[in-house]
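sequence and predicted structure, then a few things I'm wondering about:
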Amino acid sequence: KAGVTQTPRYLIKTRGQQVTLSCSPISGHRSVSWYQQTPGQGLQFLFEYFSETQRNKGNFPGRFSGRQFSNSRSEMNVSTLELGDSALYLCASSLDFRNSYNEQFFGPGTRLTVL
Amino acid sequence: TQLLEQSPQFLSIQEGENLTVYCNSSSVFSSLQWYRQEPGEGPVLLVTVVTGGEVKKLKRLTFQFGDARKDSSLHITAAQPGDTGLYLCAGETTDSWGKLQFGAGTQVVVTP
């Protein structure tokens, strides 16, 4: 079974621009979560989608948004980029946690650098 | 403030030595996972523990979940250079379903 894939793997943007990151979950997984990982803050939860609906949200500003498509693929968008948005963005998929433990399987991440 | 506190932050040992990483919280977790992450890659799930007092073994790795489901430990026996990585514990509480909370991680370096 193919793992979680994320595209692109690396991205360089400048302040003020916007960016869209893509995630394809493991086949059969309907829940997709996004995380931001930085050396200072560690792994921080952004949001979680299930059946095209955002079910959970972390404490990030509205510049961070996401969506999920009917095939469970997900995208996240960051508008008006700031230097502090430079991070590794990780996507994770899981079976619906209501029926199983919230075991999440991560993709390799997208390394975003904001200049 | 991290919901899950990991200690130590950094551990450097020689091949063949043993090590233990701790993950503590004042909150009760419905499940707790351990992950290992290598530089530039996503975390890889090692184990999930769900029952208080549970012990799980994965080759040379032993995972324990505290009786009160507030803490966990990871013990590696006879560490090898391939065990090098960032070890992360993560869990969700009963009042935060769907939000996996991560510890800050323990960087383990095993030198030959």
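Looks like it arrived, so ask away.

SS state for the residue positioned nearest the centre of chain A?
Closest residue to the average C-alpha location of chain A: A:Trp34 at 2.9 Å, with CA atoms, centre = their mean. Using DSSP: H, G, I helix; E, B strand; the rest coil, the structure places A:Trp34 in strand.

chain neighbours aside, what residue packs nearest to it?
Counting by CB to CB, 6 or more residues apart in numbering or on different chains, A:Trp34 lies nearest to A:Leu46, which is 4.1 Å off, once chain neighbours are set aside. All C-beta atoms are positioned from the backbone trio N, CA, C, and that covers glycine.

and the one you found, what helix or strand is that in?
strand A:42-50 (DSSP states H and E).

okay, buried residues for the helix or strand just after that strand please.
On the C-terminal side of strand A:42-50, the nearest following helix or strand under DSSP H and E is strand A:53-57. Residues of strand A:53-57 classed as buried: A:55-56 (neighbour count, 16 or more other CB atoms under 10 Å in any protein chain shown).

quick check: mean pLDDT of strand A:53-57?
Per-residue pLDDT over strand A:53-57 has a mean of 91.

return the list of strands paired to it, each annotated with direction.
Using DSSP bridges, the strands paired with strand A:53-57 are strand A:42-50 (antiparallel).

returning to what we had before: quick one: distance of the strand holding A:Leu46 to the chain centre.
Relative to the chain's own centre, strand A:42-50 is displaced by 7 Å; criterion: CA atoms, centre = their mean, to the nearest Å.

the bottom helix or strand of chain B by mean pLDDT?
Least confident helix or strand, chain B: strand B:101-102 with a mean of 90, by mean pLDDT, DSSP states H and E.

closest residue of chain A to chain B?
A:Phe106 (3.3 Å; CB to the nearest CB).

looks like B:Lys56 contacts B:Thr62 (just checking).
Yes. Assessed by CB atoms under 8 Å, B:Lys56 is found in contact with B:Thr62 at 7.5 Å.

do stretch B:94-112 and chain A meet at all?
Yes. Residues of stretch B:94-112 contacting chain A under CB under 8 Å from any CB of the partner chain: B:97-105.

could you pick out the buried ones from those?
By neighbour count, with 16+ other CB under 10 Å, those hold B:98-105 as buried.

leaving out chain neighbours, which residue sits closest to the closest residue to chain A within chain B?
In chain B, the residue that lies nearest chain A is B:Gly42 (3.3 Å; CB to the nearest CB). Setting aside the residues directly before and after it, B:Gly42 is nearest to A:Phe106 in space (CB to CB, 6+ apart), at 3.3 Å.
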